[in-house]
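Engineer: I need the structure of the sequence given here:
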Amino acid sequence: MTEPEPALAQAQASRPYRSLWPYLGREWLRQVGEALLVAFGVTTFLFTTVGVLGTSDLPNVRPWERVFIPKYETWLYRLGYGGYRRGDLVVVKPPADAPSARQPLPLLGRWGFTYRPYFIKRVVGLPGDRIRMEQGQLYLNGHKLEEAHTVPYWRAQGQWDQTSDLANSAYWPFRHDPGVPEYVVPAGHYFVVGDNRSWGGSEDSRTFGPVPLEQIGGRAATVIWPPAYRDEEGHWQWGWRRLGQAEAFKDLR
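Structural biologist: Numbers count the residues shown, from 1 in each chain. Predicted coordinates for the structure are as follows:
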């Protein structure tokens, strides 16, 4: 057997390097790209999950829980098919000028890198609704609401806010008509409030005003993580649970 010519041997030796990039593109980069594209489509148009930071929706959603968001609902609502109900829990992007609209990124925050988080809040007013709050008591279209999903818990803690500007609609910070108790939600907007009505417990529409439909990321339908947790008394409770419409808002017209 004769030895290959030097030029042929050199070409054979370099061929693996020339075929490496097509291999990486075909077997790795393309597959990763396709997976990312599918994941983007699923989380944008079908469903996604959002982690909860903070305590603004206690006692119904706890810090570090993760909620399931049916994104297909979000797009249908934006197209005019259906809509959010009073009493639904939703995730919203607060206005850019809201006090907590920008948060530092983990690890990178020290260098000024920030992000705009979602807030989890409860829809308490639809477009055209008349809202009034006096000493922490919420009235909707003239009806006094018995908010069993939040009031008893915070009263038992001795932290139910009745005196601050947020507890009295005539003095909500975003308003330009101080002293007028009733507020009418403008067209295309929703009034969202946290279930944590303790002093300073929630930054919501009482501070930054109603949010447009486009800033609602979706309905928080179910808590999917963790599967179990310990309550305040040390008892284990199931973490998986449905987040339905609050009872106080049902049957309202």
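Engineer: so how far does stretch 157-171 reach from one end to the other?
Structural biologist: 25 Å (C-alpha to C-alpha, to the nearest Å).
Engineer: center of the chain - which residue?
Structural biologist: With distances taken as C-alpha atoms, centre = their mean, residue 91 lies nearest the centre of the chain, 2.5 Å away.
Engineer: correct me, but that residue touches residue 68?
Structural biologist: No: counting by C-beta atoms under 8 Å, residue 91 does not reach residue 68; the two are 10.9 Å apart. Backbone N, C-alpha and C define where each C-beta goes, glycine included.
Engineer: Common neighbours of those two, please.
Structural biologist: residue 220 (C-beta atoms under 8 Å, 6 or more residues apart in numbering).
Engineer: just checking, the residue nearest to the centre of the chain is part of a helix?
Structural biologist: No: checked against DSSP: H, G, I helix; E, B strand; the rest coil, residue 91 lies outside a helix; its state is strand.
Engineer: List the residues that contact it.
Structural biologist: Taking C-beta under 8 Å, 6+ apart, one finds 50, 67, 69, 118-121, 216-218, 220 in contact with residue 91.
Engineer: quick one, longest strand in this structure?
Structural biologist: Using DSSP state E to define each element, the chain has its longest strand at strand 119-125.
Engineer: Downstream of that strand, the next helix or strand is which one?
Structural biologist: strand 130-134 (DSSP states H and E).
Engineer: which secondary structure element contains the nearest residue to residue 85 once chain neighbours are set aside?
Structural biologist: Once flanking residues are discounted, residue 85 sits nearest to residue 245: 5.5 Å by C-beta to C-beta, 6 or more residues apart in numbering. Per DSSP H and E: residue 245 is located in neither a helix nor a strand.
Engineer: and residue 245, how many neighbours does it have?
Structural biologist: By the measure other C-beta atoms under 10 Å, the count of residues near residue 245 is 17.
Engineer: so it sits right up against residue 60, yeah?
Structural biologist: No: the criterion here is C-beta under 8 Å, and residue 245 misses it with residue 60 at 11.8 Å.
Engineer: In contact with the residue nearest to residue 170 when sequence neighbours are not counted, which residues are there?
Structural biologist: Excluding the flanking residues, the one nearest residue 170 by C-beta to C-beta, 6+ apart is residue 181, at 4.7 Å. Counting by C-beta under 8 Å, 6+ apart, residue 181 makes contact with 132, 134, 168-170.
Engineer: Also residue 109?
Structural biologist: Counting by C-beta under 8 Å, 6+ apart, residue 109 has contacts residue 103.
Engineer: what is residue 120 paired to in the beta sheet?
Structural biologist: residue 91 (DSSP bridges).
Engineer: And residue 153, its phi and psi?
Structural biologist: Dihedral pair for residue 153: phi -60, psi -50, per degrees, to the nearest 10.
Engineer: got it, and residue 67?
Structural biologist: Torsion angles, degrees, to the nearest 10, at residue 67: phi -110, psi 150.
Engineer: End to end on stretch 145-157, go ahead and measure it.
Structural biologist: Terminal residues of stretch 145-157 lie 20 Å apart, using C-alpha to C-alpha.
Engineer: got the contact list for that stretch?
Structural biologist: Contact partners of stretch 145-157, identified using C-beta under 8 Å, 6+ apart, comprise 58-60, 136-139, 160-161, 195-198, 201, 246-249.
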